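Trainee: With the input below, show me the fold.
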Amino acid sequence: MRTALVITGLAWLLAGCSSVAFVQQSWEGQREVMALSVPIQTLLDDPATDPALKARLAQAQAARRFASTALALPDNASYTRYTALPRPFVLWNLFVAPELSLEPVQHCYLFTGCLAYKGYFSREAADAAAQRWRAQGMEVFIGDIPAYSTLGWYDDPLLSSMLHWDDDYVAMTLFHELAHQRFYVRDDTAFNESFATFVGREGLRQWRSSQGLAPPDPALARQSAEFTELIMAARERLQILYASDLSDEAKRRGKKDQFERLRSEYDRWRSERWQGSERFDGWFAEELNNASLLPFGLYDRWVPAFAMLFRENREDWPAFYRAVERIGQLPASDRQRALLELQARAAAVDAMSR
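Mentor: Residues are numbered from 1 along each chain as shown. Below is the predicted model of the structure:
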């Protein structure tokens, strides 16, 4: 789940509708991240630097160079510095949804537009905000965030929270976050995150190939895709339920049944398809509610569409980005129509290849 939650976290960017306290914590959090950053080259040159950290930083710098030279991502000072955080994650993102809806509560900011989440630089602050939303009858989900992008407003550093996982994860995260710097659409989280997710995944595939390595484990990739498929199917059933003419009480009963079905299907898929893998048990150990389903609708929704667009542009990165920009600059309804058409072509190609 955490890899599905590699997201922008731009809450600190002068929130137009937010409280003074929120803006203050955002500014202080960003200032701390930058103040603690050290040039990576300084750490690589320092004999006192832990050898294991040196190896990981060197690999990250190689991936950073690849991002600019091979993937046509921004060539700037982002990810050339390193911040050792005094906490396990840099941000905690809060998602909020009504009891009988999968429409996220939007949080609007001066420069980034509206986002489907709100980022806090301390878990305590996120928990306090979540409690306030619960008191209003809303459902909440808090995601651990290892990285975010400031869209080029600052030179984003490599973070210690990004090193919780392997080098492939670090490379994919760099590509994802730099994609946000490459292009970003106001008020369209699903577009932005699906675009960055595709760039991260395809960038990782090419990065591994450049090193003479096999593509990422297809079994793990298939398992992740099937997990997302499982969640998205549950989302679709809930969407239909919430849009129905049933009474609220009947919708609540149906909602309970759907979440029980989701847990049951997960147990069966884990046993029958994934050889008992516990990879996603942590996500299911948390409360399941509308808010916990929100990230899946945001970060995966248009990935097949962007994959198709990349293919139709002959896998040429600059041409692909130009095509992305053309779609991104369309009015929202036209943009969605273009993505739906790409998604349909991707499904047709996938069906033919089976």
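
Trainee: alpha carbons only for contacts and neighbour counts from here, please
Mentor: OK.

Trainee: Tell me where this protein has strands.
Mentor: 37-39, 81-83, 91-97, 107-109, 113-115, 118-120, 139-145, 158-159 (DSSP state E).

Trainee: Mind giving me the packing neighbours of the fifth one?
Mentor: For strand 113-115, the packing partners by 3 or more Cα pairs under 8 Å, 6 or more residues apart in numbering; DSSP states H and E come out as strand 107-109.

Trainee: List the neighbouring strands of the strand it packs on plus their orientation.
Mentor: Partners of strand 107-109 in the sheet, by DSSP bridges, are strand 113-115 (antiparallel).

Trainee: Need the mean per-residue confidence for the strand it pairs with.
Mentor: The average pLDDT for strand 113-115 rounds to 82.

Trainee: Could you list the low-pLDDT ranges of this structure?
Mentor: Applying pLDDT under 70 to the chain flags residues 1-18, 110-111, 354.

Trainee: Output the strands of the chain in CSV; the columns should cover distance to D267 and mean neighbour count.
Mentor: Shown next, in CSV, are these (distance: least, Cα to Cα, whole Å; neighbours: other Cα atoms under 10 Å):
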stretch, distance to D267, mean neighbour count
strand 37-39, 43, 16
strand 81-83, 39, 22
strand 91-97, 25, 25
strand 107-109, 35, 20
strand 113-115, 33, 20
strand 118-120, 31, 26
strand 139-145, 22, 23
strand 158-159, 35, 26
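
Trainee: The stretch 201-350 of the chain: helices as residue ranges?
Mentor: With DSSP state H, counting those that start in this stretch, the ranges of helices along the stretch 201-350 of the chain come out as 218-243, 248-272, 281-285, 290-299, 303-312, 317-328, 332-353.

Trainee: The closest residue to D156 other than its chain neighbours: what's it in contact with?
Mentor: Distances taken as Cα to Cα, 6 or more residues apart in numbering place S78 nearest to D156, at 4.6 Å, with adjacent residues excluded. With contacts defined as Cα atoms under 8 Å, 6 or more residues apart in numbering, S78 is in contact with G152, Y154, D155, D156, P157, L158.

Trainee: quick one: which of those residues has the most company?
Mentor: Of all the contacts of S78, the highest neighbour tally under other Cα atoms under 10 Å goes to L158, namely 29 neighbours.

Trainee: And that residue, how close does it get to E315?
Mentor: 28 Å (Cα to Cα, to the nearest Å).

Trainee: Next: R123.
Mentor: For R123 relative to E315 (Cα to Cα), the value is 41 Å.

Trainee: Settle it for me: which of the two has more neighbours?
Mentor: Neighbour totals were compared for R123 and E315, and R123 leads with 20 against 14 (other Cα under 10 Å).

Trainee: For that one, which non-adjacent residue is closest in space?
Mentor: W92 (6.0 Å).

Trainee: Who does that neighbour form a beta bridge with?
Mentor: Y120, D144.

Trainee: check contacts around it.
Mentor: Per Cα under 8 Å, 6+ apart, neighbours of W92: G119, Y120, F121, S122, R123, A126, I142, G143, D144, I145.

Trainee: quick one: the nearest residue to V96 once chain neighbours are set aside and F306, what's the gap?
Mentor: Excluding the flanking residues, the one nearest V96 by Cα to Cα, 6+ apart is V140, at 4.6 Å. V140 is 29 Å from F306, where distance means Cα to Cα.

Trainee: can you check V20 too?
Mentor: 38 Å.

Trainee: more neighbours, the two?
Mentor: F306 (24 against 12).

Trainee: is it true that that one touches F195?
Mentor: Yes. Counting by Cα atoms under 8 Å, F195 is a contact partner of F306 at 6.3 Å.

Trainee: circling back: now, among the contacts of W92, which is nearest to P216?
Mentor: Taking Cα to Cα as the measure, P216 sits nearest to I145 out of the contacts of W92, at 22.5 Å.

Trainee: From what I see, that closest one and P88 are in contact.
Mentor: No. Counting by Cα under 8 Å, I145 stays clear of P88, with 9.3 Å between them.

Trainee: Now for these two: what residues contact both?
Mentor: With Cα under 8 Å, 6+ apart, I145 and P88 have no common neighbours.

Trainee: Would you mind writing the CA trace of stretch 336-351 as PDB?
Mentor: This file holds the C-alpha atoms of stretch 336-351, laid out as PDB (Å, rounded to 0.1, in the frame of the first residue of the first chain):
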ATOM      1  CA  GLN A 336     -11.600  12.900 -19.100                       C
ATOM      2  CA  ARG A 337     -13.000  12.000 -22.500                       C
ATOM      3  CA  ALA A 338      -9.500  11.700 -24.000                       C
ATOM      4  CA  LEU A 339      -8.300   9.600 -21.100                       C
ATOM      5  CA  LEU A 340     -11.400   7.300 -21.400                       C
ATOM      6  CA  GLU A 341     -10.700   6.800 -25.100                       C
ATOM      7  CA  LEU A 342      -7.000   5.900 -24.400                       C
ATOM      8  CA  GLN A 343      -8.200   3.600 -21.600                       C
ATOM      9  CA  ALA A 344     -10.500   1.800 -24.100                       C
ATOM     10  CA  ARG A 345      -7.800   1.400 -26.700                       C
ATOM     11  CA  ALA A 346      -5.500   0.000 -24.000                       C
ATOM     12  CA  ALA A 347      -8.200  -2.500 -22.900                       C
ATOM     13  CA  ALA A 348      -8.600  -3.600 -26.500                       C
ATOM     14  CA  VAL A 349      -4.900  -4.200 -27.000                       C
ATOM     15  CA  ASP A 350      -4.700  -6.100 -23.700                       C
ATOM     16  CA  ALA A 351      -7.600  -8.300 -24.800                       C
END
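
Trainee: Many thanks, we can stop here.
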